[in-house]
Every structure is written in C-alpha cells, then in structure tokens.
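Peer 1: fold the following for me, if possible:
(chains A and B)
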There are 2 protein chains.
Amino acid sequence: MHDTEHDQDDRTDPDPLGGSASEDSPRTDEPPRRGLSRRGLLGLFGAGAGGIALGAGGALATTAFTAGGSSSSDTYDFHGEHQSGIVTPAQDRLHFAAYTMTSSATRTDLIELLQDWSFAANRLMQGLEVSETGAFGAPLMPPDDTGEAVGLPASSLTLTFGFGPSLFQDAEGNDRFGIASRKPADLEDLPGFRGDLIDEAISGGDLCIQACADDPQVAVHAIRNLTRIAFGRAQIRWSQLGFGRTSSTSQSQDTPRNLFGFKDGTANLKSEDTAAVNEHVWVSGSDQSWINGGSYLVARKIRMTLETWDRASLNEQETITGRDKKEGAPLSGGTEFTDPDFASTGSDGSPLIPHDSHVYLANPEQNSGARMLRRGYNYVDGTTELGQLDAGLFFICFQSTPQTFINVQNRLAQNDAMNEYIRHISSAVFAVPPGVTTSDGYIGQGLFS
Amino acid sequence: MHDTEHDQDDRTDPDPLGGSASEDSPRTDEPPRRGLSRRGLLGLFGAGAGGIALGAGGALATTAFTAGGSSSSDTYDFHGEHQSGIVTPAQDRLHFAAYTMTSSATRTDLIELLQDWSFAANRLMQGLEVSETGAFGAPLMPPDDTGEAVGLPASSLTLTFGFGPSLFQDAEGNDRFGIASRKPADLEDLPGFRGDLIDEAISGGDLCIQACADDPQVAVHAIRNLTRIAFGRAQIRWSQLGFGRTSSTSQSQDTPRNLFGFKDGTANLKSEDTAAVNEHVWVSGSDQSWINGGSYLVARKIRMTLETWDRASLNEQETITGRDKKEGAPLSGGTEFTDPDFASTGSDGSPLIPHDSHVYLANPEQNSGARMLRRGYNYVDGTTELGQLDAGLFFICFQSTPQTFINVQNRLAQNDAMNEYIRHISSAVFAVPPGVTTSDGYIGQGLFS
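Peer 2: Below you'll find the model as predicted:
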C-alpha cells in the first residue's frame, strides 16, 4: 500500500484489480467496485500523499455521502456492446481532450490508466463522483472529486475513449507499450489535404476522450477528473469545448444550425437506421480483431471566416451549400428531407445543385455510397486580435474506416466552394475500441490480451 | 437612400429615427419600429452594397417569414427602468464583449450605434432576428441576420450595455465624442491591485455588451449580430464566453458551484431584496444625472490554478474559503444561509472563520456594509501548452459605485489566502446607463441630451 511511483513503474503484471481495497470482491454483474488503482489515487491525491491516501480512501469508502445523482432519463450506461457517445442522441455540449502518454509510462501504466478511466467513467456517467469517497472525503486529504458537478444530474453524459496511431508507435518508431503489432492497418495519421493549415499543437494525441453532456459543467468536470486520474501517466495535449451540436444522430432530434446559419447534418446517419450504422460506423473484419465492434473517430477543427461569410449574399451562401437556408431543402427542390436530385437542371441547363457545392461533393451518391456519422459542435474561442470571432466547427465523425473521411475530404478539399470560408486548423484520428460488456472489463481490454 | 459612408460621416443631426423606411410612423407604446440606421444596415450588408441594401430591406420588411419566436416564460423585456441582465435571475451562459470605437467614428456614429443596438436588442430579446428582413431576405443580398439562432427560443436572453472611461476621454486625453464633461466622477479605470497580472489585450474597452442566456448559441448569436451592426463604428476588442453561472441573483435559484467545487454567491444580493438593491446596485445622486438609475459593472477574468487547488486538502480548501465545501455553511457553524459568526473561536482560541479567509475578507460586515451584486461565470478556454486547464472565473459585479469593488478587492488582494490559487488577468469597468422607458428611446440617451 505504500509503493512509491518508482516501485509501480517496475511492476509488469497488468493486474486488472489494481491492488485496491476491494480486490478480493467476487465478480458479479454489478458495476465494477474495485476502485481506482494506486496510480489513479496518486493522481487524485498528489504524489507525496500516496501512502496516506489509500488508507484514508479505504476507510472512507463506506461513508454515507450521497452524490448528486440524476434521473434515469438523462443517464446512459457505460457498459454495452459499443461505447457511448457515438450513436447516442447528440447532446448539446462537448469537452474533447487529447492526451500524450508521459515519457516514463509503461505498458502497465497504460493498462491501469484505462482501467481507472473505465471505473471512473462508469461512475461519472451515473452522475456520481469520480470515486466512492466523493468530493468531501477526509479533512486532511485533497478530495477525490473536484466537486463542481455536485448537485448536478448526470445530464446525459457520455464518455468515448480512443487510441491514436502514436500510441502504437511513436514518432521515433518506438513500440513503447508493446502494441505496435496490434495496430490496425486502417489507423494511420490522416494525410495532408489541399488547403490544410494544421496547427500540430492542437492535433493528434496518444489517447482521446470525447465528453458530451447537456450541461457543459458536467462535461468539463468529467474531463478534469479523468485528467487528474491520469497524473504521472498521461497529460492533456490539447482540448476543445463546443457549445452547440451541429448534427442530429437520432430521428427524434431536430436538425440544428451551424454558425453559417444553415441546418447541418440533415443527411447524417441516424441511430435508428441500424443496418446503415452497422455498415458504416462499426468496424468489422479488421485485421486486428480487438477493434471489431469499435469505430474510428476523426476530429477536425474548422475555423470559419464568419465575417466574410456574413457578407456573402443569401444566393451565394445557398449555392455554396447546395441547400436553401430557411428550410434546408436541397436546391433541386422539396423539403429538408427530400433527397437531392443532382441531375435536375435550371432553365439555363446548369445543375440546380452546383457540382462544387458542399452537398454535392459530400453526398454518399458522389462517394461510392460511403457514409459517416457526424457528431460535431460549434465553437467560439473568443475573439482574435483583429476583433474577429475565433469560431467555427469542431468536426467529429465516426466511421468504420478512416478511408471514408479521407475520400470525402479529398473531394471537398479540391473542389468545395465552401473552402473560401473555412480553414482546417487541427486534425486527429483515433481508433475507438468497442464497449465494455463485463463488470470487470475495461476500455481497450482486447488490445492487451 | 443612396448615401455613401462618407456622406453619413458628415451628418451631425443625431436623428433618432435613423432615416429608415418607417420614420414617419407615429410614436406609440409599441416597441420601436424605426429599424436600423443606414450605418447599421451597411454593417449588415457590407459597405459596397449599402444603396441596394436599404431598397431591398424595405421591400422585404413585409414578407411572411416567421421568426423562431419563444415562449413568454423565457423572455425578458428590453424596456424598463433599469437595463436587463443585472437583477434578472442569472442565466446559465454568457458571452461578454468589449468594443473599441473606430478612430474615424463621430458623435453621431456613436449615437446611431446606440440606437441601432437598442433596436436590435429589443428584437433579439424577443427571440426575433436582428431586423425585420430576418435571416432569409433577398437572394442577392447578404441576410441581415446570421441565422444560427433561427428556430431557437429567446432563452431568457438579456443584453446589458456599458460605457468605459475611455469612451469619455481616450488615452491621449481626446474628447472624441463631446462627452468628456459628462463623465461621472466614479467612472475611472480601476487601480492596480497587489498581485494583478493584467493582460491589457483583454482589458478595458470603450463599450461593452453582456449577453446572458440559457442557451450559449443564443448569446453568441446576439453578440455576433450586434458586432456586425457596429461595423465601421466599433469593433470587438476582446470577448469571453462563460458556461456556468457562479452566483444566484434571485432567492428562487440554487447556489451554483464554482470550479473550486464550492458553492459561490451564497451571500450575494438577491433581486427580491429591493431595499438592498436600491442602496447597493442602482446609482442615485451622481454628479452626472444621466447615470442615475444605472449601475457600474466591474469585470475581472480570474484564472484559477486548478491543478494546484485540487491538491490542497479539504481542510485547507475550507479554511481558505471560510465555508464548508459540502453544504456551504460558514465554518462558524449552521447551514448555508446561516450568517457567519466571525467572533466564534475554536478550542484553541483561534477564530473558526480565519481572518485571511475569503468569506471573512469579502463579507459586508468587514467592509463597512458595502455590498455588490455578483454575476460571474465559470470559463474554460481549453488547455495551456503545459496541459493545464486554462480556466477560472469570469467575475462580473454590479454596484452603485466602483469604489465598493475597489475597497473589497484591496482587502482581498492583500490578505486573501485564496490568492495562492488565483490570478487576476483582466480588468474592466463600465458605467451601465439606466434602462430605456420609451418606445423611441435608446441606451444612454440621457448622456447626449
């Protein structure tokens, strides 16, 4: 119980029970009770207090504090065949974080981190504090939970974890965690696209967590506490807040508007279309079986030059988009959900939906039927030094292979009339493992067995 | 109708009707119908299109587009004795913007800008687009409204306007708008405080707008469109988003938690306490009568070193704050709303509420009875290059004289134990004129008459 950090670095046994107080508990269908690993508790308590921490934590695990709790209607289950936050009806708020493993982290550290994150995610998604001692533990200890979400409901929180290509092999070609041979062939850094203005400081990452909720304080709280748990093993590389979903992922949701003022995501994959989701979102038949049932997450921060866009005429905006602004109907006619008729032409013989419009270029019909599940968010990071809104779309999509995104983005990057008003400034891709189906399982377990 | 910008700069008549299509309308108790000034429309349409713009706007003002609208329960009235967004029950989301007048702007420009902002604010607060032509005007014109809030309700939007000291006299001592003699004696740049780490790029401003709403997209939409209207007259100097209110301003509201995990604003002034609000929030008897019925807004961006705070013990956190973390009760005992007993001592004779605690130093009892109405927000601007949360409190308070804030902050800056965990990185003060009570009035009208 009094291991130092150094001692733990020497351990090679990926003990899934992490040596916590309840490691003798029988395995049941209950949510995992094993608690955080010593390293996870060290992250919460501070390295110097590690020894004391565990003692206090154990003693207080049974105190009667009742967490904020939440109504079941806005709570999603951490456990399931797939991770949450993908086909879940898109919540309104996002905090996305990408992490770098510390240079000293071992394979055991990585496994324990994923176990700790799984334990904590299961609690956070229920509206509970990050550990059983909660936000008000022992007077002489730092509280396990930072406390800003106490009293707030679960708010539909979902947490989605992903592995970047660099986790498997770093820039120097090192196989830091003994998993290089387990990297799916599909998991490669995205290529550069025409017009890219990528800032490496807000791109990539060994790991990512997508936190979505109906309350931003709940999403921020989750990322903050998962980051604390990672202390000494992984640190945040970059993070991004988003405030308005720009897609619907369920037929029950209205189509929201992006910062161009257009309905966005009308043609998005919907969770109710199970056959399409199975075909286009979930991985199957991968060269690496551990990723089957998972997905690939692509994230692109797309700055919009809003002041310029706002000076384009309605006609130009609609021609660029390929849809009308008011209803979101394709320019070939009908209503929002009418299929675009790319063959229809106007009186002058030119296509009603221009071939350099966003809808034309991104439509599955023009992309060999390829589809992706979009799950992006509007963002405003304040104001630039020129007084312009530092704002745009934090684009997130899930697909069964990143090649889908690459193909579509190649077409968009070369021809999309919208490119005049957008700049891709960050880029990342992550393999999203399948869900956790056993009470003692953890995210990415298949990668290590 | 075809004035160029240059022509308009030469005009000196601050025509309150702005030359819009309805300038012949009789004055009634209806909301103002006069519409935006030519300059305001130029801001929306683009300078080159100004002539066409007005024609098209006039023609389309009667089209049948129905705006998003909103339920009355989440709508506040722009008109009233005081501006909205002060004693209004604190909404959950903030977009705050500070503006600099352009170097070429005249007194007339300033007046017309305030008229345009008043016209637009009255519409936006009703959940309407920024002008009658809305988000889908004429095909060959840029839409008046940027459109991202179409279909969203008013979401309790309030818009609060303020005037900075530099509006009256710039850094070179110039009286750009002929109002230097009308500056209230109380309106001075805040002094430097011990420990200040002020970034001038996110401080000060000639004008400010505080947009609060229950939906961040609504607040962002308001700031974005009011900024467009200001084109050529004022530009954003800096802006800040906030996502979680850190105070209650009504007895009907729960006390929220700040990013330190503590309940914040327990002892805040509440709107129901009319006598206290009249004494401590609204200006009366100023040397400048135009500000009577208004208030003074102080804004301070306070970065929290959360990673360090999170490693402080519960006991240290509570001792610094002067309240217990779970319930928010003063350390002298009782429940959240029990008055602190600063005279109570522990068994060792030391005060239960330490004299360097935040509650002790900020309490009215220790500040000659001075009180302020706090209306701050949590913020997270992402992550620093060191992987730490770039986060904290965007502190806003309203008071009948900025001296209240200065007195309290002087005490806090010198003695507050919390200073170890916070850094004040921006500073601004604005005179907030009273509300608009007539249908053809505008914000700050008294300053120009």
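Peer 1: in the stretch 151-300 of chain A, what residue is nearest chain B?
Peer 2: Chain B sits closest to A:Gly261 of the stretch 151-300 of chain A, with a gap of 2.4 Å, by Cβ to the nearest Cβ. Quick note: C-beta positions are derived from backbone N, CA and C, even for glycine.
Peer 1: now the stretch 1-150 of chain A against chain B: closest residue?
Peer 2: A:Gly147 (2.4 Å).
Peer 1: for burial, what's the neighbour tally of that residue?
Peer 2: Neighbour count for A:Gly147, taken as other Cβ atoms under 10 Å in any protein chain shown: 26.
Peer 1: one more: A:Thr345?
Peer 2: For A:Thr345, using other Cβ under 10 Å, the count is 13.
Peer 1: and it, what are its bridge partners?
Peer 2: A:Pro351 (DSSP bridges).
Peer 1: hang on, A:Glu112 packs against A:Gly35?
Peer 2: No - at 11.9 Å, A:Glu112 does not count as touching A:Gly35 under the criterion of Cβ atoms under 8 Å.
Peer 1: contacts only, for the residue of the stretch 151-300 of chain A closest to chain B.
Peer 2: Going by Cβ atoms under 8 Å, 6 or more residues apart in numbering or on different chains, A:Gly261 touches A:317, A:325, B:135, B:143, B:145-148, B:150.
Peer 1: and it, helix, strand or coil?
Peer 2: coil (DSSP: H, G, I helix; E, B strand; the rest coil).
Peer 1: what's the closest non-adjacent residue to it?
Peer 2: B:Gly147 (2.4 Å; Cβ to Cβ, 6 or more residues apart in numbering or on different chains).
Peer 1: please apply the same query to A:Asp310.
Peer 2: Using Cβ to Cβ, 6+ apart, the closest residue to A:Asp310 is B:Thr146 (5.6 Å).
Peer 1: again, but for A:Leu269
Peer 2: Nearest one to A:Leu269, counting by Cβ to Cβ, 6+ apart, is A:Leu373 at 4.4 Å.
Peer 1: swap in A:Ala370?
Peer 2: Nearest to A:Ala370 is A:Thr404, by Cβ to Cβ, 6+ apart, at 4.5 Å.
Peer 1: and the one you found, how far is that from A:Asn419?
Peer 2: 20 Å (Cβ to Cβ, to the nearest Å).
Peer 1: which one's more surrounded, these two?
Peer 2: A:Thr404 (23 against 17).
Peer 1: need phi/psi at that one.
Peer 2: Main-chain torsions, A:Thr404, degrees, to the nearest 10: phi -60, psi -50.
Peer 1: before we move on, back to that, need the contact list for the residue nearest to A:Ala370.
Peer 2: A:280, A:367, A:370-372.
Peer 1: where does the spatially most central residue of chain A fall, secondary structure wise?
Peer 2: Centroid-nearest residue in chain A: A:Gln210, 2.6 Å away (criterion: Cα atoms, centre = their mean). Taking DSSP states H and E as the criterion, A:Gln210 maps to strand A:207-213.
Peer 1: for A:Ala276, list the residues it contacts.
Peer 2: A:Ala276 neighbours (Cβ under 8 Å, 6+ apart): A:269, A:371.
Peer 1: can you classify it by secondary structure?
Peer 2: Going by three-state DSSP: A:Ala276 is helix.
Peer 1: what distance do you get for it to A:Gly446?
Peer 2: From A:Ala276 to A:Gly446 the distance is 25 Å (Cβ to Cβ).
Peer 1: equivalent analysis for A:Pro191, please.
Peer 2: Distance from A:Pro191 to A:Gly446, by Cβ to Cβ: 28 Å.
Peer 1: what's the answer for A:Tyr296, then?
Peer 2: Per Cβ to Cβ, A:Tyr296 is found 16 Å from A:Gly446.
Peer 1: for those two, indicate the residue with more neighbours.
Peer 2: Applying other Cβ under 10 Å to A:Tyr296 and A:Gly446 shows that A:Tyr296 carries more neighbours, namely 25 against 17.
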